[in-house]
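Student: show me how the following folds:
(one chain, ligands or ions: 1)
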Amino acid sequence: MTSSSKPDSNRPIRSYVIRSGRFTTSQRTAIEQHWVEYGIDYDAAPLPLEEIFPGGTRLIVEIGFGMGDSLLQMAREQPASSFIGIDVHRPGVGKLLHGIAEHGLTNLRIICHDAQEVLQHCFDSASIDRLLIFFPDPWPKKRHHKRRLLQSGFAELASAKLKAGGTIHLATDWQAYAEHMMDVLEGIDMLENAEGSNCYWECPIRSATKFSRRGQKLGHDVWDLLFRKR
Ligand SMILES: C[S@@+](CC[C@H](N)C(=O)[O-])C[C@H]1O[C@@H](n2cnc3c(N)ncnc32)[C@H](O)[C@@H]1O
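Tutor: Here you go, the predicted model:
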């Protein structure tokens, strides 16, 4: 092993793997043409939200929007709310940029960077109304559980960024991950389960996503969790 290939013990554990690949021409073109207008370059400093969304009131953030279907639909249906999507998957960023431009949306912007760092540095405490995390990678193997996005440190950070009364909504079609999410969120003092202690959200309000459709086709159950900041 050369020194450059030694594992770096200081490297943070990431909840994603960046896969090179499979851009369509339209996704690539959308990044070239629309990133400047609808993308936000990551900087480890609070976002100037008033400048980005002048007069914006409710701030909704989706982490890991994937191909962006649910986010685009929500932003179209709720023009009075402001949306920020965070993902590292560039083909999905391209697809969402294409959708934003096609519909001329002014209430949706994208950050392409690790969500943990974005949450930590780019949002003030008590600045987010709703935080959405739909079908995060379940990392099913035990040795990979540490890569799951939803850990207590992340949940503490996310809760601190919610306004009082703000909510965090998670969905997964992986039962063991749903149980892990429940354990973690029930353990955060700042949060209360909006559905009652240890209860899942039986009739969730959630737009379809690529992974929700895939799960449906495979006949998977889905578990939704809704927690509110006290
Ligand atoms: C399994 S996909 C689900 C995508 C979408 N929510 C859906 O339901 O179709 C998980 C997504 O989360 C993104 N992701 C995972 N960890 C992330 C992180 N730390 N920061 C930003 N994006 C992340 C991945 O790139 C991927 O697009």
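Student: the closest residue to Thr209 other than its chain neighbours: helix or strand, and which one exactly?
Tutor: Leaving aside its sequence neighbours, Thr209 sits nearest to Ser70 (CB to CB, 6 or more residues apart in numbering; 4.7 Å). For glycine as for every other residue, the C-beta is placed from the backbone atoms N, C-alpha and C. With the criterion set as DSSP states H and E, the secondary-structure element containing Ser70 is helix 69-77.
Student: now that helix: average pLDDT?
Tutor: For helix 69-77, the mean per-residue pLDDT is 97.
Student: before we move on, back to that, isn't the residue nearest to Thr209 right up against Ile205?
Tutor: No - in this structure Ser70 lies outside contact range of Ile205 using CB atoms under 8 Å: 11.0 Å.
Student: and those two? which has more neighbours close in?
Tutor: Applying other CB atoms under 10 Å to Ser70 and Ile205 shows that Ser70 carries more neighbours, namely 23 against 9.
Student: distance-wise, check that one relative to Arg228.
Tutor: With distances taken as CB to CB, to the nearest Å, Ser70 is found 20 Å from Arg228.
Student: over to Leu131?
Tutor: Spatial separation of Leu131 from Arg228 under the definition CB to CB is 11 Å.
Student: list residues touching both of those two?
Tutor: When contacts are counted by CB atoms under 8 Å, 6 or more residues apart in numbering, Leu131 and Arg228 have Gly166, Thr167 as shared neighbours.
Student: can you tell me the SS state at Trp211?
Tutor: Residue 211: Phe, not Trp. Per DSSP: H, G, I helix; E, B strand; the rest coil, the local secondary structure of Phe211 is helix.
Student: who's Ser82 bridged to?
Tutor: Partner residues in beta bridges with Ser82: Leu59, with DSSP bridges as the criterion.
Student: I'd say it and Phe53 touch.
Tutor: Yes - using CB under 8 Å as the test, Ser82 is close enough to Phe53 to be in contact (3.9 Å).
Student: circling back: dump the C-alpha coordinates for the helix holding Ser70 into CSV.
Tutor: Output of helix 69-77 as CSV, limited to C-alpha atoms (Å, rounded to 0.1, in the frame of the first residue of the first chain):
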residue,chain,number,x,y,z
ASP,A,69,-39.7,14.7,-8.3
SER,A,70,-41.3,15.4,-4.9
LEU,A,71,-39.4,18.7,-4.4
LEU,A,72,-40.4,20.0,-7.8
GLN,A,73,-44.0,19.0,-7.2
MET,A,74,-44.1,20.6,-3.8
ALA,A,75,-42.5,23.9,-5.0
ARG,A,76,-45.1,24.1,-7.8
GLU,A,77,-48.0,23.4,-5.5
